[in-house]
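would you be able to build a 3D model of this:
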Amino acid sequence: MTIAYAALNMTTRLEIERAVKSYLWYHSGVWCDFADDFTTETIDSRADDAMRRMLEEEHMSPESTAQRARSMRSITTQVSEEVSQDQRDVITLDAESIRLAYHIPAHIPAGLTTEDLDEEFVETFTIRWNDWQHFLTDYRRLANHLERHYEATYETFKEIHRPFLSGAHWHYGQMFDSDAYFDGPEYRVTGVNEAYNRSVRTCLDSSQAGLMVRIRGQITDISQTRASYYSIAWRCNATNAEGHECGNITEVRQDDYNDDMIKPNRCGSAECEAPANIARFSLVEAPRSKERRIRRAFVQEELVDSTDQPNVLVEFRDSVAKQVEAGKVVTIIGYVRSRPVDSKSKQDRNRELYVVATGLESNEAARDFVVSPDFQEEIGSWAEQNEWQTKVEVLTKSFASEIHGRDKVKHGLMLQQCGGSENTFGLRSDIHISIFGDPGTGKSVLMEYVRDMHPGTQYLTGERATRAGLIGGMGTTKGQLFGSSDSRIITPGALALTPRGAICIIDEAQHLDVDPAELNTALEKQEINVALSVKAKLTTKTPVILVANPKKSDNAKFDPTDPNRSIIEQAGLKESTQSRMDASYFLFDEKVGEEEEFRRAASIFDKMDGVDPSSRSSDILPRDFMRNFFALARTRTSVVFTDVAKEMLVRNQVEMRTSGSEDQVSQRRSASLARLAQAAAKIDFSDTVEERHAAFAIEVMAGAEQDRNPTFVRGALTKQTRDMKARLWEALQIVHLNTRQAIYTTMEIEAALPDAWDKEWGPVPNSLTEINRNLEALCADETHGRFGSLSRVKKNTFTFTNG
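Got it, this is the predicted structure:
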C-alpha cells in the first residue's frame, strides 16, 4: 500500500473502489451476456461515435486522438492494440472521456435489468448497483479520483482487476493462474480536465503539488533507462545456533518518490524476528521483487520566446519511457510531486517539484503553431481576391515594411518561411540563406521581422554558436536526474530544438566556432551523430539564416573590390558551409537617393516614438496576418511539379551550366531552385508548382549571389573585382609597350591609364588606393604576360621582371 493510499479515509477508499469496479465491469464486457445484442464490438463502436463527438465539441484534439480514444474501447481491444514497440499490455484511462461518458448508454441496455445490476455481479465481482444511473454516477466519479487521488486509484486497479480481466480475455485468466508474479497490464492516464492545463512555468508553483496536470513541452535532456523497484523482497540471512540461515523473505513497499531503498526493521518470520543488523537483508531480484522501467528528463516550453526558460524534471514510467527522446515535443499527463533538491538535503523541508508522467497524449516533432479559424477565413478570402503578381507585391512590401530597396532579399526570406515539399527522396526541404552585410544596412530589421514570424524561432550569435550550443552533444546530469552520480545524457543544440515552422538565425556568423564538417552535415543531411562512443543522433531539420559582418572589426565594412580576399574570406566563413546555402545576398552600405535616406530616417524616428512604421500605410499587411499567412502556407507539405514548370526549371539549370561562362553555377543549384519553386507554390496555396511559380523561383535565384557571382560560393573574388584586375593588367602592358620605363610609380600608372583603357571596359579607375591595391595583388598572383610578371620594388613602385 502506498503512503498516499494509506492516508485516505475509508469513505474515499470505498468510492475509489466502486469507481474502479464500474470502469472494469463495463469495459471488460462481463455484463454483455445479460444484454440483448450488446457485445464488446458494440462497446468499440460506441467509443468511435463518442470520439467523433468529442472532436466536434473540442474536448479532444486531433493529435491526441490515437492515445485518448483508447480509453472508451473495450479492454479486449485496448490490450490488443500496439501502443509502443515491445510493450506490455496497456489500458488507458482518459479522465475527460470518463467524466463525459458519451460512450456509455444513457439508459440501461435492453435485456439488462435492475435486478441483474443488484444481484448477478455480487459473488464474482463484489459489486452491485441500485439502477443504471447509480452505475453511471460511480463510473463518472473515476475521473475525479484519477485527477485527485491517482496513486490510490492505481493501487485499487491493481488489487481488484483480476476477475474482470480474466472475464475480458482468456489470456489473463491463464496468466493469473500460471504465474504468481503476474500483475496484469500497465495503466495510463490521459485527458485530465482543461482546468488542469499548465505551462512548464506554472506547474512549478507550489500550489500544484499533488495535482494531476497536463503539460506540453519539449524534451531537452533525458537519462538512460533505469530499473526502479516499487516493491522489494528482502531475504533474511540471520543464522540460528545450529548455523542454519533463516531465509525468510519480507516484502516491503517502497516510497515511489524517494530513491533510497526501504529495508524492514526486522525479519517478518515469527520464529526469527531478527533485527536488521542481525538479519543482514539481501535483495531478491525480480520477479519476486517488482520493478518498473523509468527515465527522467528535463522538459521546457515548446515555443521558446525568452532567454529565461524554466524547465521541469519529469519521470516517465513503464512503456511511456520507450516513447520519448530528446528534442521531441510531448503532451504529458502527470501529477506534481516534491523531492529533495539533492542527496545532501534529504532532511531539508525545502524541496523541488517534479512531475511523474502517468500518460502521454501526443509525442511528435516540434509542431508549427495552429492558425485560428478566423485567420484561416480572412487569409483564404484575401488569397482568392488577389492575382499571383499582386500577392507577391503586397507580401514583399509588407515583409519588414520599413526596409526599402531590398526586395531580392525579402523574396528569399519569404520563400524560406514556407520551405519546399517534404515528399522528397533524401533531399532536404528546408531553405538555407546567408546574408553578408555592412553594419547599418537593415540586417537587424530583417532578422527582427523573421523572428516575429514564429514564437519558436531560435536566435543566437556566433560567440554562442559552439558545437554544444548550435548542434548539441553529450553532457552529464551532475546528479540531477538520478541520485548523486553523474549520468551521460544527450543535450540538443539550437538546431535540434527549433520547432517546426520556425527558423534558426545565427547572427554574427563571422565568429562561428564549429567544426565545418559537422555544421555542413547538420545543414545538408539534417542529422548528426552526437558522439562516437554513443549510438545517438540528433535531428537538425530546420531552415537556417547565417548573418555575417566583416570579421576584422565590428564597425568595418565589406570591400567587394578587395583584389586579395573574397567576401567569404572577409567574413571568416568556410566555402564548404557557404555551398550549403540556397540563396546568398550582399548588403553593402552604398550611397542612395535623398528620398530613400528620408524613409530610413523617418522609420527610425517612428520606432523611437513608439509607432509601427507599417501603420502609416494602408496597403501594408499586419504582422499577425503575415505570421498566420506563412503558417497556413506551410500546411501544404506535399507539392508536385507540373510538366511545364519542371521543363522550365530544368532548361534554366541546363542553360546556366552550359552558358560557356567561367562563372558556372553549382550543380546544387537545381535542388535549391526546386525548393524555391515549391515554396512559391505554397505562398499561392497551391499543391502544384505552376509556370508562374517556376518563373518566380528563377527570378529569386537570379537575384541571389549564386547566379550573380557563382564562383563566390567557391570562395572566389566577385566578378567585378576579377574583371578589374584583368583589365588593369592588360592596360598596364599597353602602357609599358608604349613607354618602356624601367620602373613605374602608382601615380605614373594612373596618369597613363586613360590612353591604354578600352572604353568598353567602363570608367577608368582614378583612385590611387584602388590602383595600388590591384597592383599589389597582381604582384602576389605572379601573373605572367609578354613582359614577364609584375614585381614590387618598394612602396608604390613596380617593375616588370622581363623588362
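
which neighbouring elements make contact with the longest strand belonging to the chain?
Counting residues, the longest strand found in the chain (DSSP state E) is strand 352-364. Helices and strands touching strand 352-364, as assessed by 3 or more C-beta pairs under 8 Å, 6 or more residues apart in numbering; DSSP states H and E, comprise helix 65-68, strand 186-190, strand 212-222, strand 311-317, strand 329-339. No exception for glycine: its C-beta is placed from N, CA and C like everyone else's.

strands paired with it, and their directions?
Using DSSP bridges, the strands paired with strand 352-364 are strand 311-317 (parallel), strand 329-339 (antiparallel).

so the longest one versus strand 212-222, what angle?
Going by axes from the mean of the first three to the mean of the last three C-alpha atoms, to 10 degrees, strand 329-339 is angled at 100 degrees with respect to strand 212-222.

average pLDDT for strand 329-339, rounded please.
Across strand 329-339, pLDDT averages out at 84.

what distance separates that strand from the middle of the whole chain?
20 Å (C-alpha atoms, centre = their mean, to the nearest Å).

same question for the first one.
Distance of strand 311-317 from the chain centroid (C-alpha atoms, centre = their mean) equals 18 Å.

how about it as CSV, C-alpha atoms only?
The C-alpha coordinates for strand 311-317 follow below in CSV (Å, rounded to 0.1, in the frame of the first residue of the first chain):
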residue,chain,number,x,y,z
ASN,A,311,12.4,23.5,-17.1
VAL,A,312,10.7,20.8,-15.1
LEU,A,313,12.0,17.4,-14.2
VAL,A,314,9.7,14.7,-15.5
GLU,A,315,9.8,10.9,-14.6
PHE,A,316,8.5,8.6,-17.4
ARG,A,317,7.5,5.1,-16.3
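
now do the buried residues in that strand.
311-317 (16 or more other C-beta atoms under 10 Å).

out of the residues you listed, who's nearest residue 32?
Of all the buried residues of strand 311-317, residue 32 sits closest to residue 317, with 32.4 Å by C-beta to C-beta.

so that closest one is in contact with residue 297, correct?
No - taking contacts as C-beta atoms under 8 Å, residue 317 lies outside contact range of residue 297: 12.0 Å.

which residues are in contact with the nearest residue to residue 355 once chain neighbours are set aside?
Spatial nearest neighbour of residue 355, excluding adjacent residues (C-beta to C-beta, 6 or more residues apart in numbering): residue 334 at 4.2 Å. Residue 334 makes contacts with 212-213, 215, 314-315, 355-359, as judged by C-beta atoms under 8 Å, 6 or more residues apart in numbering.

same question for residue 672.
431, 582-583, 701, 706.

from those, which land in strands?
Per DSSP E, the contacts of residue 672 map to strands at residue 583.

show me where the stretch 201-350 of the chain has its helices.
276-279 (DSSP state H, counting those that start in this stretch).

quick one: the strands in it?
Ranges of strands in the stretch 201-350 of the chain, per DSSP state E, counting those that start in this stretch, are 212-222, 226-235, 249-253, 282-284, 290-300, 311-317, 329-339.

save the ones you listed as JSON lines, and put in distance to residue 667 too.
Formatted as JSON lines, those follow (distance: least, C-beta to C-beta, whole Å):
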{"stretch": "strand 212-222", "distance to residue 667": "36"}
{"stretch": "strand 226-235", "distance to residue 667": "49"}
{"stretch": "strand 249-253", "distance to residue 667": "66"}
{"stretch": "strand 282-284", "distance to residue 667": "63"}
{"stretch": "strand 290-300", "distance to residue 667": "40"}
{"stretch": "strand 311-317", "distance to residue 667": "44"}
{"stretch": "strand 329-339", "distance to residue 667": "36"}
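
so which of those strands is nearest residue 756?
Here strand 212-222 is closest among the strands of the stretch 201-350 of the chain (C-beta to C-beta), at 65.6 Å.

quick one: list the elements packing against that closest one.
Going by 3+ C-beta pairs under 8 Å, 6+ apart, strand 212-222 lies up against helix 132-148, strand 197-198, strand 290-300, strand 311-317, strand 329-339, strand 352-364, strand 488-492.

for the following helix or strand past the longest strand of the chain, the distance to its chain's centre please.
Downstream of strand 352-364, the next assigned helix or strand under DSSP states H and E is helix 373-385. Distance of helix 373-385 from its chain centroid, counting by C-alpha atoms, centre = their mean, is 28 Å.

what's the burial count for residue 601?
Neighbour count of residue 601, defined by other C-beta atoms under 10 Å: 10.

what do you get for residue 418?
28.

where does the stretch 401-550 of the chain have low pLDDT?
Along the stretch 401-550 of the chain, the parts satisfying pLDDT under 70 run over 423-424, 464-468, 473-491, 530-537.

what ranges do the helices span in it?
407-418, 443-452, 467-470, 494-497, 516-524.

could you dump those helices into a markdown table with distance to residue 235 added?
A markdown table is the format used below for the helices of the stretch 401-550 of the chain (distance: least, C-beta to C-beta, whole Å):
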| stretch | distance to residue 235 |
| --- | --- |
| helix 407-418 | 65 |
| helix 443-452 | 62 |
| helix 467-470 | 46 |
| helix 494-497 | 47 |
| helix 516-524 | 52 |
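
which of those sits most buried?
helix 494-497 (a mean of 26; mean count of other C-beta atoms under 10 Å).

centre of the chain to that one, how far?
Worked out by C-alpha atoms, centre = their mean, helix 494-497 lies 7 Å from the chain centre.

okay, and the helix or strand of this structure with the least pLDDT?
The weakest-scoring helix or strand in the chain, judged by mean pLDDT, DSSP states H and E, is helix 3-6 (a mean of 58).

mind listing what's buried in whichever helix or strand comes after that one?
Downstream of helix 3-6, the first helix or strand assigned by DSSP H and E is helix 10-28. By neighbour count on 16+ other C-beta under 10 Å, the buried set for helix 10-28 is 13, 15-28.

how about stretch 183-196?
So, applying 16+ other C-beta under 10 Å, buried residues of stretch 183-196: 184-192, 196.

show the end-to-end separation of it, please.
30 Å (C-alpha to C-alpha, to the nearest Å).

now that stretch: mean pLDDT?
85.

related to what we said a few turns ago, could the buried residues of strand 311-317 be laid out in JSON lines, adding pLDDT and distance to residue 204?
Converted to JSON lines, the buried residues of strand 311-317 look like this (pLDDT from 0 to 100; distance: C-beta to C-beta, whole Å):
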{"residue": "311", "pLDDT": "79", "distance to residue 204": "9"}
{"residue": "312", "pLDDT": "85", "distance to residue 204": "6"}
{"residue": "313", "pLDDT": "89", "distance to residue 204": "10"}
{"residue": "314", "pLDDT": "91", "distance to residue 204": "12"}
{"residue": "315", "pLDDT": "91", "distance to residue 204": "15"}
{"residue": "316", "pLDDT": "91", "distance to residue 204": "18"}
{"residue": "317", "pLDDT": "87", "distance to residue 204": "21"}
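
of the residues you listed, closest to residue 439?
Of all these, residue 439 sits closest to residue 311, with 35.8 Å by C-beta to C-beta.
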